[in-house]
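**Student:** got a predicted structure here, sequence first:
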Amino acid sequence: MGQDEDRIALLRSLYEAFNRRDIDAVIPMLARNVDWPNMMERTRAIGHDEVREYWTYQFTQINPDVQPVTFEVDEDRVLVAVHQVIRALDGSIRSNTHIAHAYAFDGPLITSMHVYPNMDDAWAGED
């Protein structure tokens, strides 16, 4: 497999682990100083400890399920069209949307992730 295929395979594994709440399986996929969106507070989580803290808290508040639909490669980034369903802890649906995620890499590790309302905005790279 080439680098693009390896990165897509890694992202598939990331989504699977995230959806089963296996934070310990995801953290090794991230660079030590990873820059990750904290969507609950509209800030950024920097590094393994902050990402772990954010996800741990997030899972006590909501039950997100994110399913990758398509993967597209853009130089150092992989863009992912995602179907995202956010449920309250009682199981009721809070949102059911299609969004886009953009991942940057350094070698095999994810250095950052950004969330966009759609793939066109992800391609443009505008936050």
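**Tutor:** Structure's in. What do you need? In this text, all values refer to a predicted model and were calculated from it rather than measured experimentally.
**Student:** now do the strands in the protein.
**Tutor:** 30-38, 43-46, 62-74, 77-88, 93-106, 109-116 (DSSP state E).
**Student:** so which elements touch the fourth one?
**Tutor:** In terms of contact count using 3 or more C-beta pairs under 8 Å, 6 or more residues apart in numbering; DSSP states H and E, strand 77-88 is assigned the packing partners helix 3-19, strand 62-74, strand 93-106, helix 119-124. Quick note: C-beta positions are derived from backbone N, CA and C, even for glycine.
**Student:** and those as TSV, adding mean pLDDT?
**Tutor:** Listed next are these as TSV, based on pLDDT from 0 to 100:
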stretch	mean pLDDT
helix 3-19	97
strand 62-74	97
strand 93-106	98
helix 119-124	96
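**Student:** mind putting the ones you listed in CSV, mean neighbour count included?
**Tutor:** Shown next, in CSV, are those (neighbours: other C-beta atoms under 10 Å):
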stretch, mean neighbour count
helix 3-19, 15
strand 62-74, 15
strand 93-106, 16
helix 119-124, 16
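**Student:** can you redo the ones you listed as TSV with distance to residue 87?
**Tutor:** Shown next, in TSV, are the helices and strands packed on strand 77-88 (distance: least, C-beta to C-beta, whole Å):
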stretch	distance to residue 87
helix 3-19	12
strand 62-74	4
strand 93-106	6
helix 119-124	24
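**Student:** ok, which of those comes nearest residue 33?
**Tutor:** For those, proximity to residue 33 was assessed by C-beta to C-beta; strand 93-106 is nearest, at 9.7 Å.
**Student:** what sits up against that closest one?
**Tutor:** 7, 11, 31, 62, 66, 69, 74, 76-88, 110-119, 121-122, 125 (C-beta atoms under 8 Å, 6 or more residues apart in numbering).
**Student:** what angle separates that strand from strand 62-74?
**Tutor:** Here the directions of strand 93-106 and strand 62-74 differ by 40 degrees (axes from the mean of the first three to the mean of the last three C-alpha atoms, to 10 degrees).
**Student:** with only the CA atoms kept, save strand 93-106 in PDB.
**Tutor:** Output in PDB follows, covering the C-alpha atoms of strand 93-106 (Å, rounded to 0.1, in the frame of the first residue of the first chain):
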ATOM      1  CA  ILE A  93     -31.200  12.200  18.400                       C
ATOM      2  CA  ARG A  94     -29.800  15.700  18.800                       C
ATOM      3  CA  SER A  95     -28.500  16.000  15.300                       C
ATOM      4  CA  ASN A  96     -28.200  13.900  12.200                       C
ATOM      5  CA  THR A  97     -25.900  15.600   9.700                       C
ATOM      6  CA  HIS A  98     -23.300  15.200   6.900                       C
ATOM      7  CA  ILE A  99     -20.100  17.100   7.500                       C
ATOM      8  CA  ALA A 100     -16.500  17.000   6.500                       C
ATOM      9  CA  HIS A 101     -13.300  16.300   8.400                       C
ATOM     10  CA  ALA A 102      -9.800  17.300   7.200                       C
ATOM     11  CA  TYR A 103      -6.800  15.500   8.600                       C
ATOM     12  CA  ALA A 104      -3.200  16.700   8.300                       C
ATOM     13  CA  PHE A 105      -0.300  14.200   8.700                       C
ATOM     14  CA  ASP A 106       3.400  14.100   9.500                       C
END
